[in-house]
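Novice: need coordinates for the following:
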Amino acid sequence: MNLERYSRQIAFERIGISGQNALKGSTIGIIGCGALGTNILDSIARSGVGKIIICDSDIIELSNLQRQKLFTENDIGRSKSKTAEQIIKNINSQVEIKSFDMRVDKNNFFRIYGNCDLLLDATDNFETRFMINEECLLHNIPWIFSGITSSSGQSAFIYPPKTSCLKCFLNSDTIPETLPNTVRNGIISTIASAISSISVTKAIKYLIRKEIDQEIIYMDIWTFDFKKFFVPSNPRCGVCSSLHKGRNTK
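Specialist: A predicted model of the protein is given here:
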């Protein structure tokens, strides 16, 4: 490991050389290479995490360039995951990165992400997030939920029984069509940067100190509204109340 690259980060007393070594020995999974995913990937790679696994089945479109880091006009039409892998290799050749150009589902989840120390959600739909919630519980993988739309977003660390699960605070099996989304309500690029920075900071704190932030963070970057709130586990949750009792260990 080239310590000069991380010298300013090591100088931060809450990381230091021991924390940097912990990052180097860690494996991070990222699901999605869109607005959140590219921002998260860029920060994670620059921080010195040793191995990164990314997965996305989409191609780069012109409308992505307003908010999705890493990509340029020359990348339009290319695979998001494969393009992101090549760019990250140029940013930090010390990081081992592996990409999958496919959609993640319950049938391939463990094959792709089963050896990760931590998973970062960067998806744009709750169907996939509910799958992540169940698979991470089943395989004892901590994960960080991130969501953005318009000018607001949320970040939550999920690792039952130490925290509530996604279904504990989103207790519906279906997400109403009336919820905001980026197509109908738009999105500004700064909220992607802000929420990804919060989620990556949570990830770094966990990887170097096993510190789990149990509060959900909400922010609206347009109004500068910032809130933290705690959601307790739901004893009647249909997911974590049953799965974590008999879940596998890595």
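Novice: tell me which residues in stretch 231-242 are buried?
Specialist: 233-234, 237, 239-241 (16 or more other Cβ atoms under 10 Å). In this view, the C-beta of every residue, glycine as well, is placed from N, C-alpha and C.
Novice: the residues you listed: which two are farthest apart?
Specialist: Maximum pairwise distance among the buried residues of stretch 231-242 (Cβ to Cβ): 10.5 Å, between S233 and V239.
Novice: overlap in contacts, the two.
Specialist: Common neighbours of S233 and V239, counting by Cβ atoms under 8 Å, 6 or more residues apart in numbering, are C165.
Novice: L170 is in contact with F145, isn't it?
Specialist: No: using Cβ atoms under 8 Å as the test, L170 is too far from F145 to be in contact (9.4 Å).
Novice: neighbour count: those two, which is higher?
Specialist: F145 (23 against 16; other Cβ atoms under 10 Å).
Novice: which residues touch the more buried one?
Specialist: By Cβ under 8 Å, 6+ apart, the contact list for F145 reads 121, 129, 154-156, 158, 166.
Novice: that one falls within a strand, correct?
Specialist: Yes: under DSSP: H, G, I helix; E, B strand; the rest coil, F145 sits within a strand.
Novice: how near is the spatially closest residue to it that is not a sequence neighbour to E215?
Specialist: Of all residues not flanking F145 in the chain, A156 sits nearest, at 4.6 Å (Cβ to Cβ, 6 or more residues apart in numbering). Distance from A156 to E215, counting by Cβ to Cβ, to the nearest Å: 8 Å.
Novice: okay, the two: which has more neighbours?
Specialist: Neighbour totals were compared for A156 and E215, and A156 leads with 25 against 14 (other Cβ under 10 Å).
Novice: look at that one and give its secondary structure.
Specialist: With three-state DSSP as the basis, the three-state label of A156 is strand.
Novice: didn't it look like it was pressed against I216?
Specialist: Yes: applying Cβ under 8 Å as the test, A156 and I216 come out as touching, 4.4 Å apart.
Novice: now list whatever residues contact both of those two.
Specialist: F169.
Novice: so what's I158 up against?
Specialist: 133, 136, 142-145, 164-166.
Novice: how much space between it and A194?
Specialist: Taken as Cβ to Cβ, the span from I158 to A194 is 20 Å.
Novice: what do you get for N108?
Specialist: 31 Å.
Novice: these two: who's more crowded?
Specialist: Under the criterion of other Cβ under 10 Å, the comparison of N108 against A194 puts A194 first, with 22 against 13.
Novice: which stretch of helix or strand covers that one?
Specialist: Per DSSP states H and E, A194 falls inside helix 189-209.
Novice: same question for G19.
Specialist: Short version, using DSSP H and E: G19 is in helix 16-24.
Novice: next, the angle from that helix to helix 189-209.
Specialist: Angle of helix 16-24 versus helix 189-209, following axes from the mean of the first three to the mean of the last three Cα atoms, to 10 degrees, is 110 degrees.
Novice: so which bits of the helix or strand that comes right after helix 16-24 are buried?
Specialist: Once the chain leaves helix 16-24, the next helix or strand it forms, by DSSP H and E, is strand 27-31. By 16+ other Cβ under 10 Å, the buried positions in strand 27-31 come out as 27-31.
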